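> Quick one, fold the following:
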Amino acid sequence: MSKEDEELERLKRLRAQQIAARDPTVKEKKLYRQISENAKNKAKYTLKDAINDMPAKWFYMLIGTIVGIFIGIALMWIINAWWSGGVALIVTLVCALLGRVVGLAEDFRKE
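Got it, this is the predicted structure:
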């Protein structure tokens, strides 16, 4: 008799598992839980996190470009000539290039 009871219990468990597997609310709940977790993770992502995730070569190139723009504007303000705009552009490009080189060196050092 015990074998029959064990077999009956096994069949009941199997049937319960099959019913649970076909339950559409389980998939919906899993989907909603996943969406909620993604929303929480996205809410925690700040500008500081984005800057920290950025490779150094791009970060230093951005910093170099900003510095070059400020130097170029200062040069255009100091030197009132028709060619000062070209010099400002060249200075900006050189600063961006220097920032890129420093960033590559920083990335190389980290690896």
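> So in the protein, which helix runs the longest?
helix 84-110 (DSSP state H).
> Buried residues, it. List them.
88, 91-92, 95-96, 98-100, 102-103 (16 or more other C-beta atoms under 10 Å). (Each C-beta comes from the backbone N, C-alpha and C, glycine too.)
> which among these gets closest to residue 76?
residue 88 (5.1 Å; C-beta to C-beta).
> Grab the nearest non-local neighbour of that closest one.
residue 72 (3.0 Å; C-beta to C-beta, 6 or more residues apart in numbering).
> What angle do helix 84-110 and the helix or strand that neighbour falls within make with each other?
In the assignment (DSSP states H and E), residue 72 maps to helix 56-78. Angle, helix 56-78 to helix 84-110, by axes from the mean of the first three to the mean of the last three C-alpha atoms, to 10 degrees: 160 degrees.
> which residues are contacting helix 56-78?
Here helix 56-78 makes contact (C-beta atoms under 8 Å, 6 or more residues apart in numbering) with 51, 84-85, 87-89, 91-100, 102-104, 106-107, 110.
> and if we set it to 10 Å?
Outside of helix 56-78, the residues within contact range by C-beta atoms under 10 Å, 6 or more residues apart in numbering are 51-55, 81, 84-110.
> Going by neighbour count, which residues in that helix are buried?
Neighbour counts using 16+ other C-beta under 10 Å place 56-57, 59-65, 67-69, 71-72, 75-76 of helix 56-78 among the buried residues.
> And that helix, how far out from the chain middle?
Relative to the centre of its chain, helix 56-78 is centred 25 Å away, using C-alpha atoms, centre = their mean, to the nearest Å.
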